[in-house]
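**Student:** got a predicted model here, sequence first, then my questions.
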Amino acid sequence: MFVLWQLPSLTALIIAACVFGFCYGANLVLLPTIIGNYYSPSAFASVNGFMFPFQFGLASLTPVLAGYVYDITKSYDWAYIVVLLLLTVAFICAYHGNASIKVGACEKRLLLIIHS
């Protein structure tokens, strides 16, 4: 994303848009799956109900705020830089987070079969 606004051609922008779309779509599928595997089934609706309004709200505000930045600076550079910094902070928090992986009964049986 850091060099997205510096891409030299329309073909490169189309490829970058396809990669971005694939990643964003994967996020929509993987996030509920990860939440379902990490939290208990009884907490799934509560966790999703808490997270998704923030995720979609901020995702819908980002283009509007980027347009505001463009109106002021006549460039999208600062919008990309701010988003890149926020993504870097999110990556660091996710990397250093202490998330223990819960293994269900089916996975435990599979691990026993593999190790025996």
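**Tutor:** On my side now, so go ahead. For clarity, every value in this text was computed on a predicted model and none was experimentally measured.
**Student:** which residues does the residue most central in space within the chain contact?
**Tutor:** The structure's the chain has its C-alpha centroid closest to Asn27; by Cα atoms, centre = their mean the separation is 5.6 Å. Taking Cβ atoms under 8 Å, 6 or more residues apart in numbering as the criterion, Asn27 is in contact with no other residue. In this view, the C-beta of every residue, glycine as well, is placed from N, C-alpha and C.
**Student:** what's the answer for the one 4 residues further on, then?
**Tutor:** By Cβ under 8 Å, 6+ apart, the residues touching Leu31 are 51, 55.
**Student:** could you redo the last one with a cut-off of 6 Å?
**Tutor:** Remark: with contacts taken as Cβ atoms under 6 Å, 6 or more residues apart in numbering, Leu31 is in contact with nothing.
**Student:** and the pLDDT for it?
**Tutor:** For Leu31, the model assigns a pLDDT of 80.
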